[in-house]
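*Asks:* attaching a predicted model along with its sequence, questions to come.
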Amino acid sequence: MKIGILGLEKLIEVQRSTGTAILIPRINVFMDFPAGKSAEHHAFHEATDKMISELLSEKITALEELCAEIIKKLLEKYAHATRAEIDMEAEYVVLRRTPASGQKTQEMYKILARAISENGNVRKMVGAEVTGMTSCPCAQEGLLERSKKMLEKKFSKKEVAAILKTVPLASHNQRNVSRLLIEVPENYSVNADELIQILENSMSSKIYEVLKREDEVSVVLESHANPNFVEDVVRKILVNVAHKYKNLPDSSVVFVKSESFESIHQHNAIAERISSLKELRREVFSA
């Protein structure tokens, strides 16, 4: 039988090299028990809450480390459990400047952490979720062909090429939400800020909470100069991970999920992949 707790919230101070980050993650805890040996849920909730509170009095440097420590404490108390899992998701604010005017903004991201214990081994994962922008390559190609035909009625081919090189071509846009999780073995660390950067750099453009007119122009131009399907975003994230984390072992698992909220369709588009770094490196560096 599986029992658990959903949506437990705790204020956590994470000590980082850049200072203290105050987070209030939503915590989910699950444990699997053999038939007839399940824990009583009220007692399980009380024990779990107490363990987490005790660990919060110690120095915390990463959410995934905290997840692993909670798992170890739970397995000490419930040694007959066959599996344990905990995940945390917290809002994370980053101070940014807009691309053209340099105006200060507060951008909201999600930091993710997970630990799983199976067969006596504890596996940790750290991750992030980012909202950005994509522009559709297909619609842009169609507009390119149409613009060529229209312009060639009045201009030479050389003039048409110059015009199309100068004037940005429209497309339809999507708000894209992408998530990246990387398995982190003992004695290795992955900075969540790096994951946020990888995710944003794999989209057509970043988005900002506040934009002046010149910033809007900059964001739209960047997005249309870099069109991506949702599957392109996933591919770029995976390639960027392979290049960034050459120090992680081949056995580390990478999970990527990207969803585009379509603007001209009733449906959304989604792509995801789970891969070991060994498999990913073989694909990226042998190409």
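*Replies:* Okay, I see it. Since the structure is predicted, the reported quantities are computational estimates derived from the model, not experimental observations.
*Asks:* which other residues reach stretch 183-199?
*Replies:* 62, 64, 92, 94, 109, 111, 123-130, 132, 178-180, 182, 237, 240-241, 244-245, 247-249, 251-254 (Cβ atoms under 8 Å, 6 or more residues apart in numbering). No exception for glycine: its C-beta is placed from N, CA and C like everyone else's.
*Asks:* from those residues, list just the buried residues.
*Replies:* Listed as buried from these are 62, 64, 92, 109, 111, 123-130, 132, 178-180, 182, 237, 240-241, 245, 248, 252, 254; burial here means 16 or more other Cβ atoms under 10 Å.
*Asks:* isn't residue 73 up against residue 55?
*Replies:* Yes: applying Cβ atoms under 8 Å, one finds residue 73 in contact with residue 55, separated by 7.1 Å.
*Asks:* how about the strands of the stretch 1-150 of the chain, start to end?
*Replies:* Assigned by DSSP state E, counting those that start in this stretch, the strands in the stretch 1-150 of the chain fall at 2-9, 12-16, 19-23, 26-32, 83-97, 104-118, 121-135.
*Asks:* of those, flag the one that's most buried.
*Replies:* strand 121-135 (a mean of 22; mean count of other Cβ atoms under 10 Å).
*Asks:* which elements pack onto that one?
*Replies:* Secondary-structure packing of strand 121-135 (3 or more Cβ pairs under 8 Å, 6 or more residues apart in numbering; DSSP states H and E): helix 63-77, strand 104-118, strand 173-183, helix 192-201, helix 213-225, strand 253-261.
*Asks:* next SSE downstream of the fifth one?
*Replies:* To tie it back to what came earlier, the one meant is helix 213-225. helix 230-244 (DSSP states H and E).
*Asks:* just the CA atoms of stretch 243-259, as CSV, please.
*Replies:* Extracted in CSV, the C-alpha atoms of stretch 243-259 (Å, rounded to 0.1, in the frame of the first residue of the first chain):
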residue,chain,number,x,y,z
HIS,A,243,27.6,20.4,-23.2
LYS,A,244,27.2,22.0,-19.8
TYR,A,245,27.5,19.0,-17.5
LYS,A,246,30.4,17.0,-18.8
ASN,A,247,31.5,16.3,-15.2
LEU,A,248,28.3,14.3,-14.3
PRO,A,249,28.5,10.5,-14.7
ASP,A,250,27.0,8.7,-17.7
SER,A,251,24.4,7.0,-15.4
SER,A,252,22.7,10.3,-14.5
VAL,A,253,19.2,10.6,-15.8
VAL,A,254,17.8,13.7,-17.5
PHE,A,255,14.1,14.5,-17.9
VAL,A,256,12.8,17.3,-20.1
LYS,A,257,9.2,18.3,-20.8
SER,A,258,8.0,21.3,-22.8
GLU,A,259,4.5,22.5,-23.5
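*Asks:* I appreciate the help and will end here.
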